[in-house]
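1. output the structure for:
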Amino acid sequence: MGEHAPPRSGPSRPSSSCHPLHTAHVTTTARSKPGPPPAPDGPSDRVTAALATRLSHPLLTSATAASSGLLLALAYPPFEFTGLVWVALWPLLAALWLTPVRNRRNGRPASPAWRGFRLGWIAGAVFFAINLNWIQHVHPVGVPFLAAYLGLYFAIWGAFAGSILRLPRLARDLAPRWWQPSLLSLRTALVLAGLWAGLEWLRGLVMTGFGWNGLAVALHEQLPMLQIAEFVGVGGVSALVLFCSLIAFTVSCRLLAELGRRRVQPHIDFGLTIMLVLAVFFFGLGRMRDHAAPRDDGVDLRLLLVQPNIHQDLKWEAEYAPEIYFTLEQLTAAYLETFPFDLVLWPESAVPYEFHTPGHRDFFNDLLAPQPVGLLLGANYADPQLEAFFNSVILMEGEFEQHQVYRKIHLVPFGEFLPLRHVLPWPKVLSEQLLRYDFDRGTSTEPLRLASPDIDLLPLVCFEDTVGRLVRRFVGQGRPQLLVNVTNDGWFYESSAARQHFANARFRCIELRRPMARSANTGVSAVIDEVGGLHPADQRGAPARVVKDPDTGSTFITGALPVDLRLDPNPPLTLYARHGDWFSVLMMAPALLWAAAAGWRSRRARRQATDATAAP
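-> Numbering: from 1, shown residues only. Model prediction:
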């Protein structure tokens, strides 16, 4: 049904049709009998097949794949049409599954894997080119290069979906049992969703990693759907999104064909998927309800978030340095002279000079003199013993001499170090233009300990709060703990980078069940609770704990925010904290086994064809 029957005599041409239920070069069940494809049932099927053939033109399939990248980008900040994430990949799936693979110009069959790779890369490159356009503020040529690289992960998935595991044939002659189409659909969705989760994990690992904006991040405001991250991480939530999208797509295709035949069958896969989504949703609501319950045995902490909003073009200018110190001092002293605080947070690289610079001792001692408060800030830190230079977080309590240091571990390529500087022959002029010197990499994941109250501060610098595999290494048991992120999103001005950064950071709180306090130079300074929320759980109608303009809602302002927190004295050690991205790694296994089996079958078929040709 939906394909042109081959001629009765002579060799049959490669399958080149498509109906919503039939695709060329598809995977069928192992017991399917070989033979010619079914003939179209009627004029409508022939029209559908002819239309699919016309739509298989490379330019049209490329445009269709690009539209998936566009739709997916619209699901993230600054657009935030969140619902699109559930259907954004449908155009790509239609190009991969519902249009035939055309022959090459020489008449030989084209490779479905190569076409899937090409279409997947187009979708991924378009998505990242739009999604990461803010990188142009730092490296004008960074956007196309990074989009081209990150698109390769979409390409690998597209190659797999377009060849090894295409949409199964679900016609009546190949699915004699009513439940078989649902079973094949579930299998396809499960394997492809698992592969996607694994590729997101790899993207966050290869070349120091850039796991920014997985599918799940588009749902950062849909908190009930995110609570399973404490078990499966952000990759598991991405797998759920894609699994649901694939099931909805295959069910829609089957339903259209069944309506054309006037014979609608049960769709078990759709029912099971709805049950899965409801289970995840109500589990999330339960977790959020438990979090909102009053806590009597908590550890109280009063902190002050400071956001100086220093323009990036002025931040490192020597003549503007006094203004930076004045702004930080005024925002802090205005509160310290009025209310008692336990901890004050300043952003990454808060002061324009290295921490040991003469004058810092008197500046900080005078600032902290009114009360014995802890001050945590980001600063460049030269360690004479190690002969190294670090991007650091420093915690002072009461005076300059009493300070603890965390040295940043996850450095940003081309921002904090030049990759292979001592291996590649970078021209001196080019290397100095890109990055004059490298920061050294820290190694310790020991928390910073605040004395009063006695709590652990888990320090994270800049994009480190988007790297779950790193953050979980800080987590311990038996003590109250607070994630603390200091960042400077001012590099990207008032772009969507700050909002995207914040959306990614929320997942660390859910994965580890620890709250987070963020201080940004500009962007989003806020407190996030253990379920990813911004509002005090025990105060209905309370405003979000975010530094923002009360009239416009803009977060790109100069300001400070006092926050009262009650920390769990013995927070749980989640499955994700214990085992990290186990789910994403494990879910890659079916796809890898499928690929290995497909390769073995292909080699066996070629060997049999060679033997048959050589036989007399």
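2. before we move on, which element is residue 393 in?
-> Using DSSP states H and E, the element containing residue 393 is strand 388-397.
3. buried residues in that strand?
-> 389, 390, 391, 392, 393, 394, 395, 396, 397 (16 or more other Cβ atoms under 10 Å). Every residue, glycine included, has its C-beta placed from N, CA and C.
4. then that strand to PDB, C-alphas only?
-> Only the C-alpha atoms of strand 388-397 are listed here, as PDB (Å, rounded to 0.1, in the frame of the first residue of the first chain):
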ATOM      1  CA  ALA A 388      49.900  29.300  38.600                       C
ATOM      2  CA  PHE A 389      47.100  31.700  37.800                       C
ATOM      3  CA  PHE A 390      43.500  30.700  38.400                       C
ATOM      4  CA  ASN A 391      39.900  31.900  37.900                       C
ATOM      5  CA  SER A 392      38.800  31.400  41.400                       C
ATOM      6  CA  VAL A 393      36.100  31.700  44.000                       C
ATOM      7  CA  ILE A 394      37.300  33.200  47.300                       C
ATOM      8  CA  LEU A 395      35.400  33.100  50.600                       C
ATOM      9  CA  MET A 396      36.400  35.600  53.300                       C
ATOM     10  CA  GLU A 397      35.000  35.600  56.800                       C
END
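5. direction included, what does that strand pair up with?
-> Note on strand 388-397: by DSSP bridges, its sheet partners are strand 374-383 (antiparallel), strand 403-407 (antiparallel).
6. of those, which is nearest residue 441?
-> For residue 441, the closest of these is strand 403-407, at 7.7 Å, according to Cβ to Cβ.
7. what's the closest one in contact with?
-> Outside strand 403-407, the residues within contact range by Cβ atoms under 8 Å, 6 or more residues apart in numbering are 381, 383, 390-397, 440-444, 446, 448-449, 459, 461.
8. tell me where this protein has strands.
-> Using DSSP state E, the strands found in the chain span residues 18-19, 22-23, 299-307, 343-345, 374-383, 388-397, 403-407, 448-450, 455-461, 481-487, 516-520, 526-528, 559-567.
9. out of the ones you listed, the one nearest residue 353 is which?
-> For these, distance to residue 353 was read as Cβ to Cβ. The smallest value, 7.8 Å, belongs to strand 374-383.
10. tell me the mean pLDDT for the closest one?
-> Averaged across strand 374-383, pLDDT comes to 95.
11. gap between residue 259 and residue 246?
-> 21 Å (Cβ to Cβ, to the nearest Å).
12. of these two, who's got more company?
-> Counted by other Cβ atoms under 10 Å, residue 259 and residue 246 do not tie: residue 246 has more neighbours, with 26 against 10.
13. find me the pLDDT at the more buried one, would you?
-> For residue 246, the model assigns a pLDDT of 96.
14. how about the contacts made by it?
-> By Cβ under 8 Å, 6+ apart, residue 246 lies in contact with 93, 185, 188, 189, 192, 193.
15. tell me the one of those nearest residue 593?
-> residue 192 (13.7 Å).
16. if I look at the closest one, how far off is residue 269?
-> From residue 192 to residue 269 the distance is 13 Å (Cβ to Cβ).
17. repeat for residue 534
-> Distance of residue 534 to residue 269, computed by Cβ to Cβ: 36 Å.
18. also residue 549?
-> Counting by Cβ to Cβ, the gap from residue 549 to residue 269 is 47 Å.
19. between the two, who's got more neighbours?
-> Using other Cβ under 10 Å, the more surrounded residue of residue 549 and residue 269 is residue 269, with 24 against 11.
20. ok, now how distant is that one from residue 243?
-> Relative to residue 243, and taking Cβ to Cβ, residue 269 is found at 10 Å.
21. between these two, what contacts are shared?
-> Counting by Cβ under 8 Å, 6+ apart, the shared contacts of residue 269 and residue 243 are residue 189.
22. tell me the contacts of the residue lying closest to residue 389 once chain neighbours are set aside?
-> In this structure, residue 389 finds its nearest non-sequential neighbour in residue 382, 5.3 Å apart by Cβ to Cβ, 6 or more residues apart in numbering. The contact partners of residue 382, taken as Cβ under 8 Å, 6+ apart, are 354, 355, 356, 388, 389, 390.
23. swap the cut-off to 10 Å and go again
-> For residue 382, the contact set (Cβ atoms under 10 Å, 6 or more residues apart in numbering) comprises 354, 355, 356, 357, 388, 389, 390, 392, 440.
24. the third one - how many residues pack around it?
-> Same thing as residue 356. 14.
25. sorry, back to before: name the nearest of the buried residues of strand 388-397 relative to residue 575.
-> Nearest to residue 575 among the buried residues of strand 388-397: residue 393, at 27.6 Å, using Cβ to Cβ.
26. report the contact partners of that closest one.
-> Counting by Cβ under 10 Å, 6+ apart, residue 393 touches 345-346, 348, 376-379, 381, 404-408, 442, 448, 457, 459-461, 464, 484-486.
27. 6 Å instead, please
-> Applying Cβ atoms under 6 Å, 6 or more residues apart in numbering, we find residue 393 in contact with 378, 406, 459, 461, 486.
28. specify the beta-bridge partners of the last one.
-> Residues in a beta bridge with residue 486, per DSSP bridges, are residue 461, residue 519.
29. wait, it touches residue 519, no?
-> Yes: applying Cβ atoms under 6 Å, one finds residue 486 in contact with residue 519, separated by 5.3 Å.
30. how about low-confidence regions in the stretch 501-616 of the chain?
-> In the predicted model, the stretch 501-616 of the chain carries pLDDT under 70 at residues 538, 540, 615-616.
31. sorry, slip of the keys, the one I care about is the stretch 51-200 of the chain.
-> Where the stretch 51-200 of the chain drops to pLDDT under 70, the residues are 51-54, 107, 166-176.
32. from residue 505, how far out is the residue lying closest to residue 445 once chain neighbours are set aside?
-> Nearest residue to residue 445, sequence neighbours excluded (Cβ to Cβ, 6+ apart): residue 473, at 4.4 Å. Residue 473 is 16 Å from residue 505, where distance means Cβ to Cβ.
33. so between those two, which is more surrounded?
-> Neighbour count, other Cβ under 10 Å: between residue 473 and residue 505, residue 505 has more, with 26 against 15.
34. tell me the pLDDT of the closest residue to the more buried one other than its chain neighbours.
-> For residue 505, ignoring the flanking residues on the chain, the nearest one in space by Cβ to Cβ, 6+ apart is residue 465 at 4.2 Å. Looking at residue 465, its pLDDT is 96.
35. so what's residue 465 up against?
-> For residue 465, the contacting residues are 485, 505, 508, by Cβ under 6 Å, 6+ apart.
36. pull the number of nearby residues for residue 415.
-> Per other Cβ under 10 Å, the neighbour tally for residue 415 reads 17.
37. hang on, I meant residue 261
-> Look at residue 261: counted by other Cβ under 10 Å, it has 15 neighbours.
38. residues in contact with residue 92?
-> By Cβ under 6 Å, 6+ apart, the residues touching residue 92 are 65, 68, 123.
39. against residue 486, how distant is residue 454?
-> For residue 454, the distance to residue 486 equals 22 Å [Cβ to Cβ].
40. in terms of neighbours, single out the busier of those two.
-> Neighbour totals were compared for residue 454 and residue 486, and residue 486 leads with 32 against 11 (other Cβ under 10 Å).
41. re earlier: redo the strands of the chain as CSV? Include distance to residue 139.
-> Output for the strands of the chain, formatted as CSV (distance: least, Cβ to Cβ, whole Å):
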stretch, distance to residue 139
strand 18-19, 42
strand 22-23, 41
strand 299-307, 25
strand 343-345, 29
strand 374-383, 21
strand 388-397, 18
strand 403-407, 25
strand 448-450, 32
strand 455-461, 20
strand 481-487, 18
strand 516-520, 21
strand 526-528, 28
strand 559-567, 30
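42. all good on my end, thank you.
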